[in-house]
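Colleague: Requesting a structural model of the entry that follows:
(chains A and B)
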Amino acid sequence: MSTRQFGEKVQRREDPRLLTGNGRYLDDLGHDALAAAFVRSPHAHARVVDVDIDDAWEVDGVEAIYTWEDLTGRVAEPLPVLIPHPALTHARTGYCLAKDEVNHVGEAVVMVVARDRYVAEDAAQRIRVTYEHLPVVVGIEKARAGGELVHADVPDNVSAHLLQEVGDLEAAMADAPNRLTLDLAIERSACTPMEGKGVYAKWDLDEGSLRLYSSTQTTTGVRAAVAAKLGMPLAKVECVAPDVGGGFGVKIMHPWPEEVLVPWAARNLGRDVKWTEDRREHFVSSAHERGQLQEVTVGFDDEGHLLALDVRFWHDNGAYTPYGIIVPIITATQLLGPYKPGAYRVEFWSLYTNTVLVTPYRGAGRPQGCFAMERAMDAIAAHLHLDRAEVRSRNFIQPDEMPYDHGLMFQDGRPLKYDSGDFPASLAKLKALVGWDDFAAYREEAERGGRRVGLGIGCYVEGTGVGPYEGGHVHVETSGRVNVATGLTTQGQGHQTVLAQVVADELGVRLEDVHVTTGDTRRMPYAVGTFASRGAVMSGNAVALAARVVRTKALRIAADALEVSPDDLEIDDGVISVRGAPGTSIALSTVAVLSNPLRYAFDQSAAAATQFAGTFDPDKPPVADDEEPGLEGRDFYSPTQATFANGMHAAVVETDPVTAEIRILRYCVVHDCGVMINPMIVEGQVHGGVAQGVGGALYERMAYDESGQLLNASFMDFLVPYASEVPHVETDHLETPSPLNPLGLKGAGEAGTIPVSAVIASALEDAEGFPIRSMPISPSELWALRAQHASSAAPPDHVPAQEGPR
Amino acid sequence: MSADATTGGGTHGEPTAEVLHRIRLRVNGVQRTAQAPARRLLSDFLRHDLRLTGTHVGCEHGVCGACTVLVDGQPMRSCLMFAVTAQAHEITTIEGIGNDPEAMSPVQQAFAECHGLQCGFCTPGFVTTITAYLDGNPDPTPEDAREAISGNLCRCTGYQNIVAAVSRAAEIRRERRSPGVDGAPVDDSRVGP
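Modeller: Numbers count the residues shown, from 1 in each chain, chains lettered A, B, ... in the order given. Model prediction:
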């Protein structure tokens, strides 16, 4: 009996290739392709008055130079609004190349195609663009003030305004014995995958067809967008994601201007063209996220039970809204976490600024929402002098209340209805893991040594695995090799391993015989993409369903061949045998031969199959009316709603009493993503998520000046944490299966990131004794806060004596 | 400088045509030659002229470490070095450390065992860095291991499993220790032109 693969810490199938220099990322392809480079706006808001390209043509090796004037057909039209919403009343998108106006530093104005990238950049440097400056809007306060406009025809810079309410907020708030209002802020950050974006277009002159490689999180989306923009039949466009060096959200946005322009130029020139984004381009022309101001009012009783929750927030959507208002909608809904809010009203304004556009970054609006909710929980606990974990516990949705419908509309337009979860059990695990009840003693001991420590906590619920669907295709070759295809793409999540684990078990074959392809429209033309922690839920279930189709067909063919009932058969290690009669068996590879009536004996399997090919009914066609040749099957998984994963984090931080340096001493995670296909990979996702969360809590921000220049557009200045900044993460898991899908899965990709800013703020607040209302926080900001609180009030009594003079 | 200089041809604007140099480089134990301008970065030369694409470029300003190769055994950022200036040195890329998925080096095997990579883009820079580190520090503590890798950026893993991989690689090196295996010269036959 072969080992069950599902649930095991299986080593990754993709690793030996990636570890030995045999990966193929976008820029590893197309060595002979022409290279594109872009002239990008150095100004945040300006009219493009003139573009002088004459000098650029003097550079040897230049093949083409394009401005907006040169664009043809739909390529010259504005980029699409990918996800419209009724509340998005003033959607605006840019052009592939700026037409008349630029709205952020980094917006593409001219495209140069040349022999290689060095030459293309030489030429780009010689292009002189004359701009006429316009007033610049940077920062949510300025956008909200509405005095200056990003888009002249968008009043008050508001792209969208949305209000959702459950219950009678005004009445509940008025009746609440206690009320608190918190003003909160979260800075901008960005995905910054180690590999930026990239596009490589192969134009086939003979066939008039296009093969497009893109470092994307959705090949089907890019394919459809490019076919539409270029006016090509879908059948003449294929899109492939090669190995992708990280995504984290920025690559689900599509089509990026370059994804349209590169294939368009390839068709124009009849040549292969490639563009590889450099790091500075990524900072100033790929999307950012986070960036909200929030006003949270809570009404609660004397035991800390929420009675009313009123949230207003202002979301910076950057210069354009091609991805709609997904991020603020998620903030508005996922803010609620594991709690029952009482009456709830949430209202947001999504605002234009002259900065890079904002689209989902790992967590996608949830870190902001979690921050708001968890700051409120800590504020309630402080107000009532209650234990912070206890206040949370009193507001939890209980296991016997599942499924729990919040009465709100989620990001997918479907009800925000939690499927399962055991929040009290998760909290109990977290308290045990971090030593919650022993912390007071630890703190006292630290204080005696002149050290200042704090304990923080944060809880979240994450809607994962949103629809509409993903597909799976499973094909058994006559060699016994099993090819699995699903259309969503991979950026390091280990899909080649986990999907193989699923299929190996469902089909009864060895893991090493299963080969998974993702993100290739040639193999699976119907797909959505990788985002919203949906890969395992959607494609895991899709390939399981497809494997079941193949299994059923295999058993039927084997039953015919062996003259037994399919019910008496089992498959193990790729061999179908009669239960209780192991001598009577047939290999799956042989069944693959039998499944196809045209079988020349090219291989051993075909030769072996001939013994079963003796008799047939001359009155029936070789392939029955409701049959297809081949041992293959396809199925789709399409859920009615998202699954809801959850988790709770706790951290112990130490702050230097003098310098305000912040160190995370311990970081503990309890995580529930339903059934785990591969716990090793889930753990890896959590580690990586926490690291990004730590970056967002303590180091990463987008430093725009008032003129819209991004002052830290490099890895030298935008501080992605190194190993020296990321704590060791201690994890524990709870597996509450989702009742919504065959495998009981929930998503895990974004989980680690979501609560980190909330947790670190909570811990710092605990250490310092004053509220933390804005993240990220640097030592100098903490130092300034200390000074502010020391001057405005008596210092907290547990501040050690060696505190600085202020 | 030993490079031969030739002028690249061109149809437009002769004055700006670039001088090409015949660059000879010893990479992974093999003498390699290609024509490139003096400004060609070592990273681009390895990747696009020699087509050794295992070396990745993550930032082009020397911060991320994805492009780290060994120059005379020492980790260096190939995006901060010109190919012409590398001619006097012995270059080892990820392909030189192990190009065969069936025969991985101790560090590569440790990464696979410890789930030390996700997207894999930064990984070659870590593998080259750690390989050189373990040559000089064969038995690091976890704290040492963390310090050793803290000049390279990874956006996926949170580093925890990379730290574990450093310790595991040290173990594998000891397990494999026998003459001609551990620390043996790179296998030239695996890195043909």
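
Colleague: Tell me which residue of chain B lies closest to chain A.
Modeller: For chain B, the residue closest to chain A is B:Gly54, as judged by Cβ to the nearest Cβ, at 2.3 Å. In this view, the C-beta of every residue, glycine as well, is placed from N, C-alpha and C.

Colleague: By mean pLDDT, point me to the weakest helix or strand of chain A.
Modeller: Every helix and strand of chain A was ranked by mean pLDDT, DSSP states H and E. The lowest is helix A:604-609, at a mean of 73.

Colleague: Go through the longest helix anywhere in chain A and flag the buried ones.
Modeller: Across chain A, the longest stretch assigned as helix under DSSP state H is helix A:541-562. By neighbour count with 16 or more other Cβ atoms under 10 Å in any protein chain shown, helix A:541-562 contains the buried residues A:541-551, A:553-555, A:557-559, A:561-562.

Colleague: from those, which are also near chain B?
Modeller: For chain B, no contacts are drawn from these by Cβ under 8 Å from any Cβ of the partner chain.

Colleague: What mean pLDDT does the longest helix of chain A get?
Modeller: Here helix A:541-562 scores 96 as its mean pLDDT.

Colleague: Repeat that for stretch A:412-426.
Modeller: Stretch A:412-426 comes out with an average pLDDT of 92.

Colleague: which stretches of chain B aren't confidently modelled?
Modeller: B:1-16, B:178-193 (pLDDT under 70).

Colleague: Tell me the helix or strand right after the host helix or strand of A:Ala225.
Modeller: Assigned by DSSP states H and E, A:Ala225 belongs to helix A:219-230. Next along the chain after helix A:219-230, taking DSSP H and E as the criterion, comes strand A:237-240.

Colleague: Find the closest residue to chain B in chain A.
Modeller: Residue of chain A nearest chain B, by Cβ to the nearest Cβ: A:Gly21 (2.3 Å).

Colleague: Tell me who's in contact with that residue.
Modeller: B:Leu52, B:Thr53, B:Gly54, B:Thr55, B:Thr93, B:Ile94, B:Glu95, B:Asn99, B:Pro124 (Cβ atoms under 8 Å, 6 or more residues apart in numbering or on different chains).

Colleague: I'd like the residues you listed as TSV, with secondary structure appended.
Modeller: Shown next, in TSV, are the contacts of A:Gly21 (DSSP: H, G, I helix; E, B strand; the rest coil):
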residue	secondary structure
B:Leu52	coil
B:Thr53	coil
B:Gly54	coil
B:Thr55	coil
B:Thr93	coil
B:Ile94	helix
B:Glu95	helix
B:Asn99	coil
B:Pro124	helix
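
Colleague: Tabulate those residues (CSV), appending neighbour count and distance to B:Gly158.
Modeller: Shown next, in CSV, are the contacts of A:Gly21 (neighbours: other Cβ atoms under 10 Å in any protein chain shown; distance: Cβ to Cβ, whole Å):
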residue, neighbour count, distance to B:Gly158
B:Leu52, 24, 29
B:Thr53, 22, 26
B:Gly54, 26, 23
B:Thr55, 27, 24
B:Thr93, 27, 26
B:Ile94, 31, 22
B:Glu95, 24, 27
B:Asn99, 24, 28
B:Pro124, 29, 19
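
Colleague: Kindly indicate which of those lies nearest A:Ala364.
Modeller: Nearest to A:Ala364 out of the contacts of A:Gly21 is B:Pro124 (Cβ to Cβ; 30.0 Å).

Colleague: Pull up the distance across stretch A:527-539, start to finish.
Modeller: With Cα to Cα, to the nearest Å applied, stretch A:527-539 spans 9 Å between its terminal residues.

Colleague: and if you look at stretch A:531-543?
Modeller: End-to-end distance for stretch A:531-543, by Cα to Cα: 18 Å.

Colleague: who in the stretch 101-250 of chain A is up against chain B?
Modeller: A:116, A:118-119, A:122, A:191-195, A:243-246, A:248.
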